[in-house]
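>>> how would this look folded up:
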Amino acid sequence: MTLRFSVLASGSTGNAVYVETEEQRLLIDAGLSGKKMDELFQKINRDPKELNGILVSHEHSDHIKGVGIFARKHKLPIYANEKTWKAMEGQLGTIVTDQKFTFATGEVKTFGNMDVESFGVSHDAAEPMFFTFHHEGKKLVLATDMGYVSERIKGTIDKADMFIFESNHDMNMLRMGRYPWSVKRRILSDVGHVSNEDAALALSEVIGDNTSRIYLAHLSLDNNMKDLARLSVEQVLKEQGMAVGEQFELYDTDPLNPTALAVV
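As a prediction, this is how the structure comes out:
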């Protein structure tokens, strides 16, 4: 029995993650068009009609752009907390009652042979939350869209086998970049996004003996680059005494192309 996943798309322009066991198939967010979502599933050789549901982290468009159309097309249930439902209602189009389900922040919900635990994050949305996936003693963490990583979050995500973790921006690129100061201030705030360096420092506290892969996710199109994020995170982790490339590997994610299906 195995837990597998693919980061279908990740970045400022759209986010979606696929997680499966032999019995269950879940999509977390659908921040791209319905057509693009179908193309991403083709690339990993999976049929969206076999999904058991869509979990929604929060109502920002780079996470829900395709949720409504994708759920209607493939007749999928949608799970979100009550505040997120209220905040995104006008953006999804018509969703019939039997496709609407509540997944409260801090709840553990069982999908067949997979347990999914939601946890709140600090971000400028109604009630943003992300997820840890548990199956047969394996633990996968999805944690992005965080202004900072609290001690509570660290306790929840501690010692996962694999992490999909926000590494949004390089501080210097953001400060020198073209964004207006109001946007820069929002990104740098406690309800914004985690920088490469802060991601690495948080990871250094939660990496465990069984951690084998870390996927750097939600990179800003304007204020980060894959190589820069990877090198920055690697440098800080090594400074913290971590054996990058020996105990665990760092992986890129992409805004347009899915990662290969990985076994946790």
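
>>> all contacts plus neighbour counts: C-alpha atoms, from now on.
Will do.

>>> which strands or helices does the helix ranked longest in the chain pack on?
Ranked by number of residues, the top helix in the chain under DSSP state H is helix 226-239. Using 3 or more C-alpha pairs under 8 Å, 6 or more residues apart in numbering; DSSP states H and E, the elements in contact with helix 226-239 are helix 196-206, strand 249-252.

>>> next, the buried residues of that helix.
By 16 or more other C-alpha atoms under 10 Å, the buried positions in helix 226-239 come out as 226, 229, 230, 232, 233, 234, 235, 236, 237.

>>> in TSV: those, plus distance to residue 127 and pLDDT.
Below are these laid out as TSV (distance: C-alpha to C-alpha, whole Å; pLDDT from 0 to 100):
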residue	distance to residue 127	pLDDT
226	29	98
229	28	98
230	30	98
232	30	98
233	28	98
234	31	98
235	33	97
236	31	97
237	30	98
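
>>> using TSV, lay out those together with distance to residue 26.
Below are the buried residues of helix 226-239 laid out as TSV (distance: C-alpha to C-alpha, whole Å):
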residue	distance to residue 26
226	27
229	28
230	28
232	32
233	29
234	30
235	34
236	33
237	31
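
>>> what sits up against the longest helix of the chain?
With contacts defined as C-alpha atoms under 8 Å, 6 or more residues apart in numbering, helix 226-239 is touched by 167, 169-170, 196-197, 199-201, 203-204, 216, 219, 243-244, 250-252.

>>> cool, and stretch 161-177?
Stretch 161-177 has contacts (C-alpha under 8 Å, 6+ apart) with 138-146, 184, 193-197, 199, 208, 210-220, 222-224, 228-229, 264.

>>> can you map out the helices along the protein?
34-43, 61-64, 67-74, 82-92, 151-157, 171-176, 181-188, 196-206, 226-239.

>>> now do the fourth one against helix 67-74, angle only.
Orientation note: helix 82-92 sits at an angle of 80 degrees relative to helix 67-74 (axes from the mean of the first three to the mean of the last three C-alpha atoms, to 10 degrees).

>>> helix 82-92 packs against which elements?
helix 67-74.
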